[in-house]
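Undergrad: 3D, please:
(chains A, B, C and D)
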Protein chains: 4
Amino acid sequence: MTTGYQASKSELLNRLSRIEGQVRGVSRMVEEERYCIDMLTQIGAIEAALDKVALGLVDEHTRHCLAETEGDERAEKVDELMGALGRFVGR
Amino acid sequence: MTTGYQASKSELLNRLSRIEGQVRGVSRMVEEERYCIDMLTQIGAIEAALDKVALGLVDEHTRHCLAETEGDERAEKVDELMGALGRFVGR
Amino acid sequence: MTTGYQASKSELLNRLSRIEGQVRGVSRMVEEERYCIDMLTQIGAIEAALDKVALGLVDEHTRHCLAETEGDERAEKVDELMGALGRFVGR
Amino acid sequence: MTTGYQASKSELLNRLSRIEGQVRGVSRMVEEERYCIDMLTQIGAIEAALDKVALGLVDEHTRHCLAETEGDERAEKVDELMGALGRFVGR
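TA: Sure thing, here's the model as predicted:
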């Protein structure tokens, strides 16, 4: 909970390597001409896993990077975070 | 940019009243049995407008509420924010 | 299940009028200067309700409008649907 | 436009292999302890690419699989598609 991003580096790498394997799995499904809906479900699962990684990064950023800044530097960092978040939330 | 949530209260109310009107507009389209795709496009526009309001609230929260806290209180507030964000980002 | 859009018109109108009320509720929260996170949660709930209405419209469209078409007309209708869907899925 | 899923199989495989590379790129960024926001931006780009693949599959499914069905079988196939779509649209 109070550990930094650094601490969960290996967990993050595990999650990303699992996601990489899931993407490879979809490629295999395409090669085998599997049913569209099954591939769609797999892609939904991959995006949910990526969303979790993204939220973890936002959490870390808010908890650590922002906490160490003040004044104008802080305002800039929040602008930056909001810009990045907009790609996930805004459509 | 450096103004608080308080300052943009009237702008926020304007946006929400516009959104309310857009929802009423979709009701009218349903009553008139308009084309599904046109209603779908309208709903997409309403959600985009709501996303903007949501991002504005996250911005204000990060810029102000979080800045005024420290230690455990800050950690709790970040938890709370992440929980709320998860409803927008996570699927 | 096999009923058309026509049949669920009143249900759709009910849902939209509930959504309108929810948007008005957020305006009230803004006026009372309520806590950002609570408003954020409300907006998340409104978007989830709108997503449901949108999916209902896609369902109807796929089940009825598309079923009645053939050849080029069908291809055009699918293009149209995909364009509308892109606003919900694509970012 | 009128070509089937089959025809774009190689294009789909190309896109997925590019996505796999992008995921590997984020792993590298984590190892190098790069800036959170840059990784967040990358993940946003990966999800956008996956959304495109997903929409392509929905397009193919609607254009081909659904077109070849009738009656109860068609109704079931639409149910199935809506269930899969709900993971992308509904939150």
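Undergrad: same for the helix of greatest length in chain A, what does it pack against?
TA: Longest helix in chain A, counting residues (DSSP state H): helix A:36-60. The helices and strands touching helix A:36-60, judged by 3 or more C-beta pairs under 8 Å, 6 or more residues apart in numbering or on different chains; DSSP states H and E, are helix A:9-31, helix A:71-89, helix B:71-89, helix D:36-60, helix D:71-89. C-beta here means a position set from N, CA and C on the backbone, and glycine is covered the same way.
Undergrad: redo that, cut-off 10 Å
TA: helix A:9-31, helix A:71-89, helix B:71-89, helix D:9-31, helix D:36-60, helix D:71-89 (3 or more C-beta pairs under 10 Å, 6 or more residues apart in numbering or on different chains; DSSP states H and E).
Undergrad: and the second one, does that touch chain D?
TA: Yes - using C-beta under 10 Å from any C-beta of the partner chain, a contact is recorded between helix A:71-89 and chain D, made by A:Lys77, A:Glu80, A:Leu81, A:Gly83, A:Ala84, A:Leu85, A:Gly86, A:Arg87, A:Phe88.
Undergrad: Over to stretch A:23-35?
TA: Yes - on the criterion C-beta under 10 Å from any C-beta, stretch A:23-35 is in touch with chain D at A:Val23, A:Arg24, A:Gly25, A:Val26, A:Ser27, A:Arg28, A:Met29, A:Val30, A:Glu31, A:Glu33, A:Tyr35.
Undergrad: Next, the buried residues of stretch A:54-72.
TA: For stretch A:54-72, a neighbour-count test (16 or more other C-beta atoms under 10 Å in any protein chain shown) marks A:54-63, A:65-67 as buried.
Undergrad: and of these, the nearest to A:Met39?
TA: For the buried residues of stretch A:54-72, the closest approach to A:Met39 (C-beta to C-beta) belongs to A:Ala54, at 22.3 Å.
Undergrad: Show the buried residues in the residues of helix A:71-89 next to chain D.
TA: Neighbour-count burial (16+ other C-beta under 10 Å) applied to the residues of helix A:71-89 next to chain D gives A:Lys77, A:Glu80, A:Leu81, A:Ala84, A:Leu85, A:Gly86, A:Arg87, A:Phe88.
Undergrad: which residues does the third one contact?
TA: If you count contacts by C-beta atoms under 10 Å, 6 or more residues apart in numbering or on different chains, A:Leu81 has them with A:Val58, A:His61, A:Thr62, A:Cys65, A:Leu66, B:Val58, B:Asp59, B:Thr62, D:Cys36, D:Ile37, D:Leu40.
Undergrad: got it, and the second one?
TA: Applying C-beta under 10 Å, 6+ apart, one finds that A:Glu80 lies in contact with A:His61, A:Cys65, A:Leu66, D:Tyr35, D:Cys36, D:Ile37, D:Asp38, D:Leu40, D:Thr41.
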